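> sequence first, then the predicted structure, then my questions.
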Amino acid sequence: MGREKITVIGAGNVGGTTAQRLVESGRYDVVLLDVVDGVPQGKALDLMQAGALVESGGQIVVGNSTREFTEQIARLADFGGKLVKAIGLKIE
């Protein structure tokens, strides 16, 4: 069975640590996004060089284009709509 993919938006200290912990668990591949060019790439390089991620077999994919953000936000919106429907909430 393949790993689940999780998107972390923001590659600062909190986002980077979150991505690291998720990948270290061995259960997730992480997409790390940030609006600042080069930040997620640099953070992913730091995490991979730290060595802990290599042993888990996890992967960090990075990006900072508008298209990548739009795709991830669309996925979140789709999930949110399904969740609202599943639990029977009404949004007015």
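Great, that's in hand.
> give me the neighbour count for the nearest residue to residue 58 once chain neighbours are set aside.
Once flanking residues are discounted, residue 58 sits nearest to residue 23: 3.4 Å by CB to CB, 6 or more residues apart in numbering. The C-beta positions use only the backbone N, C-alpha and C, and glycine is treated the same way. Here the number of neighbours of residue 23 (other CB atoms under 10 Å) works out to 26.
> for residue 23, give me the pLDDT.
Residue 23 is assigned 84 on the pLDDT scale.
> same check, this time on residue 79
64.
> relative to residue 70, how far out is residue 36?
17 Å (CB to CB, to the nearest Å).
> for residue 78, same thing?
Counting by CB to CB - residue 78 and residue 70 are separated by 12 Å.
> can you check residue 35 too?
For residue 35, the distance to residue 70 - CB to CB - is 12 Å.
> who has more neighbours, the two?
residue 35 (13 against 10).
> assumed the more buried one was part of a strand.
No. Secondary structure of residue 35 (DSSP: H, G, I helix; E, B strand; the rest coil): coil, not part of a strand.
> pull up the gap between it and residue 4, please.
Counting by CB to CB - residue 35 and residue 4 are separated by 24 Å.
> look up how far residue 19 lies from the nearest residue to residue 27 once chain neighbours are set aside.
Among residues not flanking residue 27 along the chain, residue 3 sits closest, at 6.1 Å (CB to CB, 6+ apart). As judged by CB to CB, residue 3 and residue 19 stand 13 Å apart.
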